[in-house]
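Novice: model this:
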Amino acid sequence: VSGGANNYASGTASSVSGGANNTASGRYSSVIGGSNNTANGLLSSVTGGDRNEAKGEASSVSGGGKNSAIGDGASVLGGWNGTADGWSSSISGGENNAAGGVVSSVSGGSNNRAFFQGSWAGGGSNNEAYGDFSTASGGSNNVAISP
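Specialist: Residues are numbered from 1 along each chain as shown. Model (predicted):
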């Protein structure tokens with residue numbers, strides 16, 4: 001633990017640098033800055049922001065608030081209240097977005113969902129990609145379903 005206040009590093013070779021109320025409990029996990037962040041997964045990391053969590057193995061969250069990287073290899077880059085729980089899924093910004101499929105992604109906007117393998121939802125609001133390799137982007141209330 002280096003700097004900050006009320007930080008806790010309990011995982012093997014884990015580290016917390018700066019910020020406040022941060023916890024790195026996964027093996028080789030790290031939290032850098034921010035507040036109330038948690039890195040639980042093996043090789044997981046959280047960089048800045050507030051109330052972010054990286055639970056999956058090799059998962060990461062960078063900035064924003066209330067974001068969760070739950071799937072192994074999942075990542076959330078900024079935004080608010082994003083959840084990436086698919087294997088190697090990702091979210092870039094926006095709010096209330098969810099990427100639940102394997103290698104699925106959501107880019108920006110709000111309340112967008114990508115739940116199937118390789119699916120993508122981006123921009124706009126309330127867009128949903130429900131088929132493998134489907135895409136729903138821009139506008140609002142769009143649904144992409146592939147057979």
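Novice: contacts, neighbours, all on C-alpha from now
Specialist: Fine.
Novice: for the protein, which spans come out with low pLDDT?
Specialist: The chain contains residues with pLDDT under 70 at 147.
Novice: again, only using 50
Specialist: Applying pLDDT under 50 to the chain flags no residue at all.
Novice: Spatially central residue in it, please.
Specialist: Val76 (3.0 Å; CA atoms, centre = their mean).
Novice: Can you tell me the SS state at that one?
Specialist: strand (DSSP: H, G, I helix; E, B strand; the rest coil).
Novice: hang on, isn't it packed against Ser88?
Specialist: No - applying CA atoms under 8 Å, one finds Val76 not in contact with Ser88, separated by 10.5 Å.
Novice: How about the contacts made by Arg113?
Specialist: By CA atoms under 8 Å, 6 or more residues apart in numbering, the residues touching Arg113 are Asn97, Ala98, Ala99, Gly100, Val106, Ala121, Asn126, Asn127, Glu128, Ala129.
Novice: Check those residues and tell me the two furthest apart.
Specialist: Gly100 and Asn126 (15.2 Å; CA to CA).
Novice: and the two? which has more neighbours close in?
Specialist: Counted by other CA atoms under 10 Å, Gly100 and Asn126 do not tie: Gly100 has more neighbours, with 26 against 22.
Novice: From Gly86, how far off is the more buried one?
Specialist: 4 Å (CA to CA, to the nearest Å).
Novice: Common neighbours of the two, please.
Specialist: The contact sets of Gly100 and Gly86 overlap at Phe115 (CA under 8 Å, 6+ apart).
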